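Enquirer: below are the sequence and a predicted model for it; my questions follow.
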Amino acid sequence: MSRPKIFIYIQDKPLLQQLSDLPQLHQCERIFATENWLEALQQAAADLVLLQATAVTTTELQQLTSNPLLLQRQWLFFSDGMPDPKLDRLIHNGAGYHFRPPLDNKLLTEVLEDFLADYAQQQQTALNVPCVTNSELDQFGLLVGSSRVMRMLYRTLRKVATSEAQVFIMGESGTGKELVANTLHLASHRNQGPFVAINCGALSPELVDSELFGHSKGAFTGAVKDHKGVFEQAEGGTLFLDEVTEMPLAHQVKLLRVLENREYRPVGSQQLKQADVRIIAATNRDPQQAITAELFREDLYFRLAQFPLQVPPLRAREQDICGLAKHFLAYRNAAENTKVAIADSALAKIAAYAWPGNVRELKHTIERAYILADDLVLPQHIQLPEADTSATQHLATNIENIPTGIPLEELTRAAIEATLAENNGNRKATAEQLGISIKTLYNKLGKYQ
């Protein structure tokens with residue numbers, strides 16, 4: 001394994017001696033510069049630069065600021081503590097660390113040790129880790145996945161897409177319900193028409209009628225021109241009503257009337273218009289619970305749900321989790337013309353997490369990791385929220401001291417979460433320890449999250 005290269009331009013002899021005594025520097029290939037340091041740095045393939053800021057000119061600092069390739073390296077600046085706006089600008093742009101006198105050897109040692117650890121891990125894992133340039137997953141329409149549950153979903157979508165049945169999509173936030181709706185549109189006979197999506201939960205109660213059915217000029221204050229509602233915008237195509245259970249009950253009645261007679265009237269107009277659209281609705285709620293809570297009309301549900309469709313959460317697509325991580329990374333590499341790889345240890349961390357935010361959360365996590373990584377995504381780049389297991393661990397550590405009167409479901413949750421934490425997120429090992437099936441574990445975790 002190669003040693004990291006450190007470029008050193010320090011003219012102050014006591015400082016140079018102090019740095020030279022650090023054992024971390026002896027683990028590196030050191031390149032010392034005495035003159036024309038900027039030109040020498042441009043020729044050197046250095047991984048870390050130690051620079052005495054007071055030994056460089058203002059012009060050299062300006063040249064350094066304007067050279068983004070040089071600033072991609074890790075920098076340690078050493079100054080006399082006097083204000084220096086150009087140096088401050090470099091640090092603010094993320095160039096590295098700025099050490100002022102008196103030099104803190106402990107902090108400097110920690111920084112160097114972190115650098116060496118990162119370098120060693122990247123060197124070791126990069127030897128056998130190829131750049132992620134392509135997706136390994138199957139695709140149907142706008143959906144990606146090769147797991148059994150996704151293949152079943154594809155088959156269902158192919159069959160229902162060619163009908164005119166109104167589809168009601170159910171699934172947790174982040175599972176891709178709008179992608180499912182758009183895929184249905186693309187595979188339908190209406191694919192030459194528009195696909196119009198509207199979030200019913202984001203509509204202002206005062207403007208729901210206008211957004212759905214449109215309005216005529218002068219219909220109300222602020223209506224300075226005619227406006228086409230989404231029913232008219234989607235004419236001949238597909239209208240996707242997302243989070244339909246969040247629509248106010250009074251407007252649910254009007255929507256039901258349109259679905260029954262296929263007619264609607266723009267606000268302020270006497271003209272009836274025909275609704276030649278296919279309706280696809282979606283919700284992240286349990287519709288039966290929404291009906292029981294009197295948030296959603298049962299007759300509207302039956303009208304919309306000619307074909308109910310459940311989108312699986314990511315935790316039920318176990319074979320797809322790492323594949324999707326590579327898929328998103330491949331697209332980032334293609335978009336940015338980069339060659340970032342991902343370590344097996346990072347994939348293991350991804351596979352062990354429950355992903356309560358589903359595919360959306362995984363996508364955002366990979367995008368953050370891509371930004372944080374250099375050429376290789378490592379476990380520390382996969383930033384996940386830490387579960388608060390203090391209460392559950394307290395219950396699990398001493399079962400004899402569990403107080404009476406605790407509901408059984410709370411004890412079950414405590415046992416599951418504590419065992420999962422003890423196994424570092426390994427769901428298979430957790431299920432075996434608890435004596436339950438992996439499917440039961442998934443169902444329990446889904447309920448808790």
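Expert: Cool, got the structure.

Enquirer: quick one, phi/psi of Leu272?
Expert: Dihedral pair for Leu272: phi -80, psi 140, per degrees, to the nearest 10.

Enquirer: ok, now which ones touch the closest residue to it other than its chain neighbours?
Expert: Using Cβ to Cβ, 6 or more residues apart in numbering and skipping residues adjacent in sequence, the residue nearest Leu272 is Glu263, 5.1 Å away. Quick note: C-beta positions are derived from backbone N, CA and C, even for glycine. Contacts for Glu263 (Cβ atoms under 8 Å, 6 or more residues apart in numbering) come out as 272-275.

Enquirer: distance from stretch 84-99 to the middle of the chain?
Expert: Stretch 84-99 sits 30 Å away from the centroid of its parent chain (Cα atoms, centre = their mean, to the nearest Å).

Enquirer: what mean pLDDT does stretch 215-234 get?
Expert: Averaged across stretch 215-234, the pLDDT comes to 82.

Enquirer: residues contacting Pro130?
Expert: With contact set as Cβ under 8 Å, 6+ apart, Pro130 has these partners: Ala341.

Enquirer: check contacts around the nearest residue to Thr58 once chain neighbours are set aside.
Expert: In space, and not counting its chain neighbours, Thr58 is closest to Lys86: 6.5 Å by Cβ to Cβ, 6+ apart. Applying Cβ under 8 Å, 6+ apart to Lys86 gives the contacts 58, 61-62, 65.

Enquirer: list only buried entries from those residues.
Expert: Neighbour-count burial (16 or more other Cβ atoms under 10 Å) is assigned, among the contacts of Lys86, to 61, 65.

Enquirer: export the contacts of Lys86 to TSV and tack on pLDDT?
Expert: Formatted as TSV, the contacts of Lys86 follow (pLDDT from 0 to 100):
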residue	pLDDT
Thr58	84
Leu61	82
Gln62	82
Thr65	76
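
Enquirer: returning to that earlier point: mind pulling the model confidence for the residue nearest to Thr58?
Expert: pLDDT recorded at Lys86 is 81.

Enquirer: show me the contacts for Tyr331.
Expert: So Tyr331 contacts Ser135 (Cβ under 8 Å, 6+ apart).

Enquirer: tell me the helix or strand right after the lengthiest helix in the chain.
Expert: Longest helix of the chain, by residue count under DSSP state H: helix 105-126. Downstream of helix 105-126, the first helix or strand assigned by DSSP states H and E is strand 139-140.

Enquirer: by contact count, what packs against that next one?
Expert: Strand 139-140 is packed against helix 148-161, with contacts defined by 3 or more Cβ pairs under 8 Å, 6 or more residues apart in numbering; DSSP states H and E.

Enquirer: does Cys28 touch Phe7 like I think?
Expert: No - between Cys28 and Phe7 no contact is recorded; they are 10.1 Å apart, counting by Cβ atoms under 8 Å.

Enquirer: still on that earlier bit, in the sheet, who's paired with the residue nearest to Leu272?
Expert: Beta bridges link Glu263 to Gln274, judged by DSSP bridges.

Enquirer: Thr133 against Ala330, yeah?
Expert: Yes - the criterion here is Cβ under 8 Å, and Thr133 meets it with Ala330 at 5.8 Å.

Enquirer: more neighbours: which of these two?
Expert: Each of Thr133 and Ala330 has its neighbours counted (other Cβ atoms under 10 Å); Ala330 has more, 18 against 14.

Enquirer: and for Ile415, the neighbour number?
Expert: One thing to correct before we go on: residue 415 is Ala, not Ile. Ala415 sits with 19 neighbouring residues when counted by other Cβ under 10 Å.

Enquirer: just Asn423 next, same as before
Expert: Residues within reach of Asn423, counting by other Cβ under 10 Å, total 16.

Enquirer: apart from its chain neighbours, what residue comes closest to Lys177?
Expert: Nearest residue to Lys177 in three dimensions, chain neighbours excluded: Ala282, at 4.2 Å (Cβ to Cβ, 6+ apart).

Enquirer: mind checking how far that neighbour is from Ser146?
Expert: For Ala282, the distance to Ser146 equals 24 Å [Cβ to Cβ, to the nearest Å].

Enquirer: comparing these two, which shows the higher neighbour count?
Expert: Higher neighbour count among Ala282 and Ser146: Ala282, with 26 against 17, using other Cβ under 10 Å.

Enquirer: secondary structure element holding the more buried one?
Expert: If you go by DSSP H and E, Ala282 is part of strand 278-283.

Enquirer: ok, that strand: who's next to it in the sheet?
Expert: Going by DSSP bridges, the partners of strand 278-283 are strand 167-170 (parallel), strand 238-242 (parallel).

Enquirer: need those strands in JSON lines with distance to Thr183 and mean neighbour count, can you?
Expert: Supplementary listing: the strands paired with strand 278-283 in JSON lines, determined by distance: least, Cβ to Cβ, whole Å; neighbours: other Cβ atoms under 10 Å:
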{"stretch": "strand 167-170", "distance to Thr183": "11", "mean neighbour count": "24"}
{"stretch": "strand 238-242", "distance to Thr183": "11", "mean neighbour count": "24"}
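
Enquirer: among those strands, which comes closest to Val208?
Expert: Proximity to Val208, assessed across the strands paired with strand 278-283 by Cβ to Cβ, is greatest for strand 238-242 (11.4 Å).

Enquirer: hang on, the earlier thing: tell me the residues that contact both of Cys28 and Phe7, please.
Expert: Leu48.

Enquirer: list buried residues within the contacts of Glu263.
Expert: 273, 275.

Enquirer: how about residues contacting the next helix-or-strand element following the strand holding Ala282?
Expert: Downstream of strand 278-283, the next assigned helix or strand under DSSP H and E is helix 287-292. Identification of contacts with helix 287-292 by Cβ under 8 Å, 6+ apart yields 168, 170, 245, 283, 296-298, 301, 305.

Enquirer: go again with 6 Å.
Expert: Contact with helix 287-292 is made by 245, 296, 298, 301, as judged by Cβ atoms under 6 Å, 6 or more residues apart in numbering.

Enquirer: fine by me, thanks again.
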